[in-house]
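In: need the 3D shape of this:
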Amino acid sequence: MSIFEIIMLVCFGAAWPLSIYKSYTSRSTEGKSLSFLVVILIGYTAGIMHKIFYHYDAVVFLYLLNFMMVLADLLLYLYNKRIATAKKSYSQESAK
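Out: This next block holds a predicted model:
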């Protein structure tokens, strides 16, 4: 177990609760990137796989926690995108 890996995961993980809160309260996808979230999920998945197959230790739980937070943000992104699309469709129909 590396203290540097733990610090990295804690620092990266510290940003996600705020991002999730912003996604939840704003109901907007502004400032979010679907491709960025997917790339981050792929990175955390690779870290989890490495821990499981090559060097299992307790740090895998930090990878899992971060993965779950990014996944929550991604799901909120998709939900907010659906809301925005529905609003746009409704306003276009109302304008006719």
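In: ranges for the helices of the chain?
Out: Ranges of helices in the chain, per DSSP state H, are 3-26, 34-53, 60-95.
In: average pLDDT for the first one?
Out: So the one you mean is helix 3-26. Here helix 3-26 scores 94 as its mean pLDDT.
In: tell me what it is packed against?
Out: Secondary-structure packing of helix 3-26 (3 or more C-beta pairs under 8 Å, 6 or more residues apart in numbering; DSSP states H and E): helix 60-95. All C-beta spots, glycine's among them, are computed from the backbone N, C-alpha and C.
In: quick check: angle from the helix it packs on to helix 3-26?
Out: 20 degrees (axes from the mean of the first three to the mean of the last three C-alpha atoms, to 10 degrees).
In: buried stuff in helix 60-95?
Out: The neighbour-count check on helix 60-95 (16 or more other C-beta atoms under 10 Å) flags 60, 62-63, 66-67, 69-70, 72-74, 76-77, 80 as buried.
In: starting at the chain centroid, how far to it?
Out: Centroid displacement of helix 60-95 relative to its chain, using C-alpha atoms, centre = their mean, to the nearest Å, is 10 Å.
In: what's that helix packed up against?
Out: Partner elements for helix 60-95 (3+ C-beta pairs under 8 Å, 6+ apart): helix 3-26, helix 34-53.
In: of those helices, which is nearest K88?
Out: helix 3-26 (16.4 Å; C-beta to C-beta).
In: check which residues of that closest one are buried.
Out: E5, L9, F12, G13, W16, S19, I20, S23.
In: quick one, what contacts F4?
Out: Contacts for F4 (C-beta atoms under 8 Å, 6 or more residues apart in numbering) come out as none.
In: you'd agree I20 is up against L75?
Out: No - using C-beta atoms under 8 Å, I20 makes no contact with L75, being 9.6 Å away.
In: just the CA atoms of stretch 53-70, as PDB, please.
Out: Extracted in PDB, the C-alpha atoms of stretch 53-70 (Å, rounded to 0.1, in the frame of the first residue of the first chain):
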ATOM      1  CA  PHE A  53      -5.500  -9.100 -10.200                       C
ATOM      2  CA  TYR A  54      -2.000  -7.900  -9.300                       C
ATOM      3  CA  HIS A  55      -1.700  -6.100  -6.000                       C
ATOM      4  CA  TYR A  56      -4.700  -6.400  -3.800                       C
ATOM      5  CA  ASP A  57      -4.800  -4.100  -0.800                       C
ATOM      6  CA  ALA A  58      -7.300  -1.900   1.100                       C
ATOM      7  CA  VAL A  59      -6.700   1.000  -1.400                       C
ATOM      8  CA  VAL A  60      -9.100  -0.800  -3.700                       C
ATOM      9  CA  PHE A  61     -11.900   0.600  -1.600                       C
ATOM     10  CA  LEU A  62     -10.800   4.200  -2.400                       C
ATOM     11  CA  TYR A  63     -10.900   3.300  -6.100                       C
ATOM     12  CA  LEU A  64     -14.400   1.900  -5.600                       C
ATOM     13  CA  LEU A  65     -15.600   4.900  -3.700                       C
ATOM     14  CA  ASN A  66     -14.300   7.300  -6.300                       C
ATOM     15  CA  PHE A  67     -15.800   5.100  -9.100                       C
ATOM     16  CA  MET A  68     -19.200   5.200  -7.400                       C
ATOM     17  CA  MET A  69     -19.100   9.000  -7.000                       C
ATOM     18  CA  VAL A  70     -18.100   9.500 -10.700                       C
END
